[in-house]
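**Q** Need coordinates for the below:
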Amino acid sequence: MAFKANETTPLLADSIPKLASDEDSDDTVLGSDDGDGRLLHDATEQPFNHWQIFALCCAAVTEPVACFCIFPFVSEMIQATGGLEESDVGFWAGAIESLFSVVQMGLMIIYGRMSDRFGRKPVLVFSLAGLSISTALFGLSRSLWQMVMFRCLAGSFAGSVLTVRIMVAESCNKSTEGRAFAWFMFARNGGILLGPVIGGAFVDPRLTSGISLFEQYPYLLATGITGAVCLLGTLLVAMFCHETLAEGDKLAKTKIQSMTTWQLLKAPGVASGLYIFGHTMFLALANTAVLPVFLFTSTANGGLGFSPRWISYFLAGLAASQGLWTLMSFPTLKRKMGTRKVMQICSCGWPLLFASMPVLNEVLRRDAIAAFWAVVPVPLIIGGGVAMSFAGAQLLVNDTCPSPTELALLNALTQTLNSAVRAVTPALFTSVFALGAKTQLLDGHLCWVVLIALTVPLQWALFFRAGT
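**A** Numbers count the residues shown, from 1 in each chain. Model (predicted):
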């Protein structure tokens with residue numbers, strides 16, 4: 001993000017920013033990378049604020065850890081506490097998992113307004129502290145309604161993800177934003193992986209044998225450790241982060257009329273940028289949800305029939321590939337090619353990634369083991385490459401912001417959209433995959449064909465709507 005702010009530099013300019021011409025370099029403008037009219041901004045090289053970005057990345061880990069930590073044990077917990085039939089567990093598991101994102105979605109714009117009024121850091125510390133406590137309390141649930149209550153409570157404090165994004169954007173300029181958001185997205189992806197690891201590893205009777213508290217509350221150790229991770233993020237932010245919203249801006253925001261949500265959506269490029277962000281997250285979450293099911297499902301039903309150990313190996317390899325592409329390649333590619341061109345390349349990678357999955361299955365069906373292992377690196381490499389689009393999509397949205405004063409509202413809309421996508425996409429596409437596997441429609445590859453088709457609108461938006 002191009003806006004530069006610290007404790008002494010106001011975000012609001014003294015006059016209305018001028019529009020850059022088509023000849024302006026990408027290093028001197030704020031906006032898309034296509035040469036259309038954009039807001040001028042300071043692109044002077046500035047040092048990378050390592051401690052600030054490190055603390056914010058630690059804060060970025062907390063929300064996905066809190067969201068995903070219950071996934072490995074929630075079905076077992078529901079059956080144990082609710083006394084439900086096995087056939088009813090799936091419904092409740094999906095509902096409780098989604099409640100976090102549903103409540104989070106409803107409060108994003110409120111968190112954005114709060115951070116404008118009271119400052120970024122106080123709101124971030126408040127939300128992280130609340131997330132730490134509410135996540136730990138989930139392990140004390142003794143009934144379904146308590147599980148629902150604590151899950152909703154955790155979602156109500158999950159506004160930290162919005163405030164972190166805003167602070168990362170305000171802590172860098174054009175020369176450092178690629179690096180900063182690469183680290184930010186790497187941290188969030190790490191949180192998505194770390195959450196289920198904590199939830200699965202610490203719900204183990206062998207670890208809590210003889211400890212009466214954990215024998216009475218067998219899931220408290222996992223949720224307590226998750227809460228401790230969130231608390232660590234809270235302390236790091238409190239100690240090492242500086243406020244990115246200057247005091248003068250808080251005053252100015254009370255004197256000027258902010259744009260309404262509808263006015264912001266009608267601003268040039270904003271709706272298009274939000275669509276690209278939402279569609280990218282839609283494809284990413286669909287792949288994240290379906291991939292473990294695909295790896296586990298038998299070859300005859302359209303999967304690869306991996307054991308849990310080999311599934312973990314594959315996912316670890318994919319995570320390593322994503323880390324390398326995001327941290328090593330994205331900042332350089334973004335600097336040389338521009339954000340939109342990187343996104344265009346990634347949009348071409350999505351259909352190749354999805355197409356590689358049925359290819360792997362068909363190779364295994366023919367018992368071509370050597371060919372299978374020769375093809376396995378393809379989705380690992382492509383899957384890591386398309387992960388660059390996560391950081392790129394966020395930067396693309398930030399570049400459409402019409403004014404520094406609207407950054408919080410724009411990011412609130414972004415995260416509201418992300419929460420909505422996260423609430424419905426996993427259940428939707430695992431159901432599509434299950435339907436394809438059960439009916440053997442398209443040889444069990446229905447889900448991948450649908451996903452390939454859904455990449456076309458994203459490519460159209462990036463290639464043929466470049467001027468928006």
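**Q** doesn't Val164 make contact with Ala60?
**A** Yes - counting by CB atoms under 8 Å, Ala60 touches Val164, with 5.0 Å between them. Quick note: C-beta positions are derived from backbone N, CA and C, even for glycine.
**Q** The two - which one has more neighbours?
**A** Val164 (31 against 27; other CB atoms under 10 Å).
**Q** show me the residues around that one that make contact.
**A** By CB atoms under 8 Å, 6 or more residues apart in numbering, the contact list for Val164 reads 56, 59-60, 124, 184.
**Q** Put together a markdown table for those residues, with pLDDT on each row.
**A** Listed next are these as a markdown table, based on pLDDT from 0 to 100:
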| residue | pLDDT |
| --- | --- |
| Leu56 | 95 |
| Ala59 | 95 |
| Ala60 | 93 |
| Leu124 | 95 |
| Phe184 | 90 |
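**Q** re the thing from before, now for Ala60 and Val164: what residues contact both?
**A** Common contacts of Ala60 and Val164 (CB under 8 Å, 6+ apart): Phe184.
**Q** Check which residues of the helix or strand where Phe54 lies are buried.
**A** Element membership for Phe54 (DSSP states H and E) is helix 50-68. Using 16 or more other CB atoms under 10 Å as the test for burial, helix 50-68 gives 52-53, 55-68.
**Q** Same question for stretch 285-298.
**A** Buried residues in stretch 285-298 (16+ other CB under 10 Å): 285-295, 297.
**Q** Provide a list of residues in contact with the residue lying closest to Glu362 once chain neighbours are set aside.
**A** Leaving out its chain neighbours, the residue that sits closest to Glu362 by CB to CB, 6 or more residues apart in numbering is Asp443, at 7.6 Å. The neighbours of Asp443, taking CB under 8 Å, 6+ apart as the test, are 302, 358, 362.
**Q** backbone phi and psi for Glu76, please?
**A** The phi/psi pair for Glu76 (degrees, to the nearest 10) reads phi -60, psi -40.
**Q** and which of the contacts of Val164 is nearest Phe91?
**A** Ala60 (31.4 Å; CB to CB).
**Q** centre of the chain versus the helix or strand containing Leu454, how much separation?
**A** Assessed by DSSP H and E, Leu454 sits inside helix 446-463. The chain centroid and the centroid of helix 446-463 are separated by 20 Å, computed with CA atoms, centre = their mean, to the nearest Å.
**Q** helices or strands next to it in the packing?
**A** Counting by 3 or more CB pairs under 8 Å, 6 or more residues apart in numbering; DSSP states H and E, the packing neighbours recorded for helix 446-463 are helix 270-296, helix 339-365, helix 407-439.
**Q** That helix vs helix 339-365, what angle?
**A** Helix 446-463 and helix 339-365 are oriented at 160 degrees to each other (axes from the mean of the first three to the mean of the last three CA atoms, to 10 degrees).
**Q** can you count the residues close to Glu85?
**A** Around Glu85 there are 8 residues (other CB under 10 Å).
**Q** how close does it get to Gln79?
**A** Distance of Glu85 to Gln79, given as CB to CB, to the nearest Å: 9 Å.
**Q** Could you point out which residue ranges in this protein have low pLDDT?
**A** The chain contains residues with pLDDT under 70 at 1-46, 86-88, 90, 247-258, 308, 465-468.
**Q** Tell me where it has strands.
**A** Secondary structure of the chain (DSSP state E): strands at 29-30, 39-40.
**Q** from what I can see Leu380 touches Ala319, true?
**A** No - using CB under 8 Å, Leu380 is not in contact with Ala319, being 9.9 Å away.
**Q** sorry, back to before: what's the angle from the helix holding Leu454 to helix 407-439?
**A** Using the same axes, to 10 degrees: helix 446-463 against helix 407-439 is 150 degrees.
**Q** Helix 446-463 versus helix 270-296: what angle between them?
**A** 150 degrees.
**Q** what sits up against helix 446-463?
**A** Residues from elsewhere that reach helix 446-463 (CB under 8 Å, 6+ apart): 272, 275-276, 279-280, 282-283, 286-287, 290, 294, 340, 343-344, 347-348, 350-351, 354-355, 357-358, 429, 432-433, 435-436, 439, 442.
**Q** Quickly note the distance from the residue nearest to Glu362 to Val449.
**A** Remark: distance between Asp443 and Val449 (CB to CB) = 10 Å.
**Q** repeat for Leu264
**A** To Val449, Leu264 is 37 Å away according to CB to CB.
**Q** So between those two, which is more surrounded?
**A** Remark: of Leu264 and Val449, Leu264 carries more neighbours, 21 against 17, as counted by other CB under 10 Å.
**Q** okay but that one is in contact with Leu407, surely?
**A** No - proximity of Leu264 to Leu407 does not meet the contact threshold set by CB under 8 Å, at 10.5 Å.
**Q** what's the neighbour count on the closest residue to Leu318 other than its chain neighbours?
**A** Leaving aside its sequence neighbours, Leu318 sits nearest to Gly383 (CB to CB, 6+ apart; 5.2 Å). Per other CB under 10 Å, the neighbour tally for Gly383 reads 25.
**Q** mind giving me the domain split of this structure?
**A** Domain ranges of the chain: 44-256, 258-468, per automatic domain parsing.
**Q** distance between the longest one and the chain's centre?
**A** Relative to the mean C-alpha coordinate of its chain, domain 44-256 is positioned 12 Å out (CA atoms, centre = their mean).
**Q** With the shortest one instead?
**A** If you compare the mean C-alpha spot of domain 258-468 with that of the full chain, they lie 11 Å apart, counting by CA atoms, centre = their mean.
**Q** residue closest to the middle of the chain?
**A** Nearest to the mean C-alpha position of the chain, by CA atoms, centre = their mean, lies Arg188 at 6.0 Å.
**Q** Does it touch Cys67 like I think?
**A** No - using CB under 8 Å, Arg188 is not in contact with Cys67, being 10.6 Å away.
**Q** Now Gly444: closest residue in space that isn't a chain neighbour?
**A** Gly302 (2.4 Å).
**Q** wait, what's in contact with the one you found?
**A** 294, 358, 361, 433, 436-437, 440, 443-445.
**Q** State the pair within those that is farthest apart.
**A** Spanning the widest gap among the contacts of Gly302 are Phe294 and Gln440, at 14.7 Å by CB to CB.
**Q** any idea how far Pro196 is from Phe202?
**A** In terms of CB to CB, Pro196 sits 11 Å off from Phe202.
**Q** Same drill for these two, tell me which one is more crowded.
**A** Set side by side, Pro196 and Phe202 show more neighbours around Phe202, with 23 against 19, by other CB under 10 Å.
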